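Asker: Quick one: sequence plus predicted model below, questions after.
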Amino acid sequence: LSGGSGTRLWPMSTPERPKQMLALTAEETMLQLTARRATGERFAAPIVVANARHADMVEEQLAAVEASAQALILEPMGRNTAPAIALAAIAAGGGSDPLLVMPSDHVITDIAAFHAAIHAAIPLVAEGWLVTFGIDPHAPETGYGWIHVGAEISNGVHRVANFVEKPPRDRAEIMLAAGDHVWNGGIFLFRADIYLGALAVHAPEMLVACRQAMARAETRGRRVFPEAEAFALAPADSIDVAVMEKADRVAVVPVDMGWSDLGSWDALHAISDIDSDGNAHHGEVIAIETVNCLIRSDGIRIATVGVEDLIVVASGNDVLILPRGRSQEVKKLIEAMKA
């Protein structure tokens, strides 16, 4: 899944070049790192669902890491994750092959742990279970959905007791202390036919719209353009709302794999290599008596003296400055600039 506008990491991430197209945590971009997690004999070439304006970038970046897509589905408009995954399931043939669904803008540092979790889930997937991967929580996070882990079905795989929407702080603290909840990381594994069958039961209008959009799609090489008029009729629901919270056989694999959704500049600072003063610098930066800052530039030089706990990001003609801990408020700036 490679849609989204990526505005939470403005000014570097923009609708024209969202965060999955950027090299934020390594020399390779987030999209390239995601593709590398699913290479080798166990994996087919990826199916990528993206915004049409990003088609050239997606193809160029995947080709650079020898992970070219078998199909590049270019949405005429964003309709959330459930319809996007439906398009991919249809493109995959709608059969019994398992689909590993990954957002292309997440960080996973322990690939071996991720692959072990996939391996543990495969037998249940073959039996028709819808599987999600639960992130081992380390904080009472209010920005993520949570999953209540139920009884163990097989080795390391549990039934989902229930999904919890983004909780208030006090409830998050209770769930963290209880030890039987995990973060909902938005990564899934299921058979294409089982997912489409679940849509037929729980979101039939969405399935009809997606099938019609793909039946009327224009194909140019590997690029697939679903028909806009039909796709616009698909309800814009997440996979959790449309399917996972309603289906019967839903399982979760709790896994500690060094995951982050990289949803803010604070999150990037938290996973970055820092110097002895707690700073994470990238680009041309001069920092004197500077402590616990994230300072990043893709062009102009940034110089600081005697500051602490700041986020400073410069890209092109834009500069962002705000205190650490408030980077989620970038959305206020985006709204102000729209106005």
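Answerer: Nice, thanks for sending it over. Bear in mind that the values here come from a model prediction, so they are computed numbers and not experimental data.
Asker: C-alpha only now, for contacts and for neighbours.
Answerer: OK.
Asker: Can you name the residues that contact residue 226?
Answerer: 73, 74, 75, 76, 213, 214, 215, 216, 217, 218 (Cα atoms under 8 Å, 6 or more residues apart in numbering).
Asker: which of these has the most neighbours?
Answerer: residue 73 (28 neighbours; other Cα atoms under 10 Å).
Asker: Distance from the chain centre to stretch 146-165, please.
Answerer: Centroid displacement of stretch 146-165 relative to its chain, using Cα atoms, centre = their mean, to the nearest Å, is 21 Å.
Asker: what's next to it, contact-wise?
Answerer: With Cα under 8 Å, 6+ apart, stretch 146-165 has contacts from 117, 120-121, 134, 144-145, 166-167, 180-184, 245, 249-254.
Asker: Tell me which residues of the longest helix along the chain come out buried.
Answerer: Using DSSP state H, we find that the single longest helix of the chain is helix 111-126. Of all the residues in helix 111-126, those buried under the rule 16 or more other Cα atoms under 10 Å are 114, 117, 118, 120, 121, 122, 124, 125.
Asker: Mind jotting down where the helices sit in the stretch 201-339 of the chain?
Answerer: 204-215, 228-231, 239, 265-271, 330-338 (DSSP state H, counting those that start in this stretch).
Asker: Residue 108: which of those helices is closest?
Answerer: helix 265-271 (10.8 Å; Cα to Cα).
Asker: can you list the residues that contact that closest one?
Answerer: Helix 265-271 has contacts (Cα under 8 Å, 6+ apart) with 8, 9, 25, 260, 262, 280, 294, 311, 324, 325, 326, 327.
Asker: Just flag the most distant two among those.
Answerer: The span of the contacts of helix 265-271, defined through Cα to Cα, is set by 25 and 326 at 20.5 Å.
Asker: which helices and strands does the top strand by length along the chain pack with?
Answerer: If you go by DSSP state E, the chain has its longest strand at strand 181-191. Packing partners of strand 181-191 (3 or more Cα pairs under 8 Å, 6 or more residues apart in numbering; DSSP states H and E): strand 98-101, helix 111-126, strand 130-135, strand 146-154.
Asker: could I have that strand exported to CSV, CA atoms only?
Answerer: C-alpha atoms of strand 181-191 as CSV (Å, rounded to 0.1, in the frame of the first residue of the first chain):
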residue,chain,number,x,y,z
HIS,A,181,-3.0,-6.1,24.4
VAL,A,182,-0.8,-5.2,21.4
TRP,A,183,-0.7,-2.3,19.0
ASN,A,184,-2.5,-2.6,15.7
GLY,A,185,0.3,-2.2,13.2
GLY,A,186,-1.9,-2.4,10.0
ILE,A,187,-0.1,-5.4,8.5
PHE,A,188,-2.2,-8.4,7.4
LEU,A,189,-1.9,-11.9,5.9
PHE,A,190,-4.8,-13.7,4.3
ARG,A,191,-5.9,-15.6,1.2
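Asker: Which residues does that strand contact?
Answerer: Here strand 181-191 makes contact (Cα under 8 Å, 6+ apart) with 95-103, 118, 121, 125-126, 128-137, 144-149, 175, 254, 261.
Asker: OK, contacts around residue 101?
Answerer: Neighbouring residues of residue 101 by Cα under 8 Å, 6+ apart: 1, 85, 187, 188, 189.
Asker: Just the buried residues of those residues.
Answerer: If we count by 16+ other Cα under 10 Å, the contacts of residue 101 have these buried: 1, 85, 188, 189.
Asker: which of those residues lies closest to residue 91?
Answerer: residue 85 (9.7 Å).
Asker: Next, the contact list for the spatially most central residue of the chain, please.
Answerer: Geometric centre of the chain, nearest residue: residue 103, 3.1 Å, by Cα atoms, centre = their mean. Contacts here follow Cα under 8 Å, 6+ apart; on that basis residue 103 touches 1, 2, 34, 186, 187.
Asker: Looking at the contacts of residue 226, which are in strands?
Answerer: Short answer: these in strands (DSSP E) are 73, 74, 75, 218.
Asker: roughly how far apart are the third one and residue 231?
Answerer: Between residue 75 and residue 231 the distance is 8 Å, computed by Cα to Cα, to the nearest Å.
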